[in-house]
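>>> turn this into a structure:
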Amino acid sequence: MTAGYGALDVAVTTAGARRSDADLTDPERHGDSDAVPGLVDFAVNVRGTPPPFVLDAVRAGLDDLARYPTAADEQRAVDAVAAAHGRHPDNVLLLSGAADGFEMLPRLGVRHAALIQPSFTEPEIVLRAAGVPITQVVLSPPWRLGTPAETGVPEDADLVILGNPTNPTSVLHPVDALHALRRPGRIIVVDEAFADLTLGADGAPEPQSVASVDWPDLLVIRSVTKTFGLAGLRAGYLLGPAAVLDRLRAGRRPWALSTPALAALTACLGDAGQRYCLDQARAVAEERAALLDELARIGLSAAAEPSAPFVLVEVPNATEVKRRLVDHGFAVRSCANFVGLGDAHLRLAVRPRSQVRDLVRAIEQVREEIGDAAVPAV
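Sure thing, here's the model as predicted:
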């Protein structure tokens, strides 16, 4: 059990976490269901707390919350996003978090959507709710895109959605593989929620991002909530052709983003924000390497080569391991609700080495407990 929490706190936390295990296969269940107060959080892929310069930007407008967000507030954020990616401001649509962007996709009049799986569950939820026919294109381990024929995307799919890097596999697909998915009349949607935390072999940031690419059939959805510790604020953006963005905007509510969210976006996409992203990407690479080293020490390894701030691990009795880790003070993410995975995998967020060592020791203890429980009493 993790030091620093009272027995009552952990008892309440454990009960809450176990109740939340009731349906690990529910597509609407996310990592925050596991990361209840009192547990060391390896379930949610948010990087700590917001940096001071972002908090300063948000605080600067708190005295002015009586007024509605202005066109000038929005334009500053749009201009910052456009400048960061070398795009025209007309190619930017601000979002209240990445999920906001997925909710708009049915407005495109989609006839047949192909979802590259396993991946984030939200696109399937919104498309099914809109009655859009879906083909699940399930990749085989190590879950990397091959040629379109190998991947199995239907030729008549007019919408293809994938993550890059993909949640929860942490796989980073090459731009050439994305380009090969293009077809006349088809729109490609790439979820780049974690792209700003990726590094190339040469240390260059965002090696496979298409955020600065102006293909006429490409939409890129990004957020600042993960890297900048802003999950509670809900802020992101969508990049794509102006004509397609106009279709997505149709019928959208006014003042879609709050003044604090607009201020945060402007700060995160500015020069200080870009420097911060690079620093965080380097920290993630170091911490991920340490996580892999510690897992290897107890005979576990990544199920696929990881490029994101999380690692997918295949673990025998994964659901039971997850449940028992709660008793030791740790929250990890079940992968039972990801298409193509099931309950044999856990997703572990990248964390500082000291926390990783504690988690790995807890996993060792849990595996021993499960082994002992499997031996019949004499």
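>>> low pLDDT regions in the stretch 101-250 of the chain?
Within the stretch 101-250 of the chain, no range satisfies pLDDT under 70.
>>> shouldn't residue 313 be within a helix?
No. Applying DSSP: H, G, I helix; E, B strand; the rest coil, one finds residue 313 to be strand, outside a helix.
>>> so what's the residue count around it?
Look at residue 313: counted by other CB atoms under 10 Å, it has 24 neighbours. Every residue, glycine included, has its C-beta placed from N, CA and C.
>>> would you confirm that residue 155 contacts residue 184?
No. Contact between residue 155 and residue 184 fails when scored by CB atoms under 8 Å: they sit 10.5 Å apart.
>>> in the protein, where's the longest helix?
helix 271-297 (DSSP state H).
>>> any idea how far that helix is from the chain center?
How far helix 271-297 lies from its chain's middle: 16 Å, per CA atoms, centre = their mean, to the nearest Å.
>>> so which of residue 155 and residue 184 has more stuff around it?
residue 155 (10 against 6).
>>> how about that one, what does it touch?
Residue 155 makes contact with residue 183, according to CB atoms under 8 Å, 6 or more residues apart in numbering.
>>> quick check: which helices or strands does the longest helix of the chain pack against?
helix 52-59, strand 310-314, helix 353-374 (3 or more CB pairs under 8 Å, 6 or more residues apart in numbering; DSSP states H and E).
>>> and the ones you listed, which one is worst for confidence?
Mean pLDDT is lowest for helix 353-374 out of those, coming in at a mean of 90.
>>> what's in contact with that helix?
2, 40, 42, 287, 290-291, 294-295, 297-298, 300, 317, 320-321, 324-325, 328-330, 332, 348, 351.
>>> now do the buried residues in it.
355-356, 358-360, 362-363, 366-367 (16 or more other CB atoms under 10 Å).
>>> how about the helices and strands packed on helix 271-297 in JSON lines, adding distance to residue 270?
Below are the helices and strands packed on helix 271-297 laid out as JSON lines (distance: least, CB to CB, whole Å):
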{"stretch": "helix 52-59", "distance to residue 270": "9"}
{"stretch": "strand 310-314", "distance to residue 270": "27"}
{"stretch": "helix 353-374", "distance to residue 270": "30"}
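>>> in the stretch 101-250 of the chain, which spans are helices?
Per DSSP state H, counting those that start in this stretch, the stretch 101-250 of the chain carries helices over the ranges 122-129, 148-151, 175-179, 242-249.
>>> what's the last one in contact with?
By that I understand helix 242-249. Contacts of helix 242-249 (CB under 8 Å, 6+ apart): 88, 90-93, 101, 104-105, 107-108, 187, 219, 238.
>>> pull the CA atoms of it into CSV?
This file holds the C-alpha atoms of helix 242-249, laid out as CSV (Å, rounded to 0.1, in the frame of the first residue of the first chain):
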residue,chain,number,x,y,z
ALA,A,242,-11.5,25.4,-45.0
ALA,A,243,-14.4,24.0,-47.0
VAL,A,244,-14.5,20.8,-44.9
LEU,A,245,-14.2,22.9,-41.7
ASP,A,246,-17.2,24.9,-42.8
ARG,A,247,-19.3,21.7,-43.0
LEU,A,248,-18.2,20.7,-39.5
ARG,A,249,-19.1,24.1,-38.1
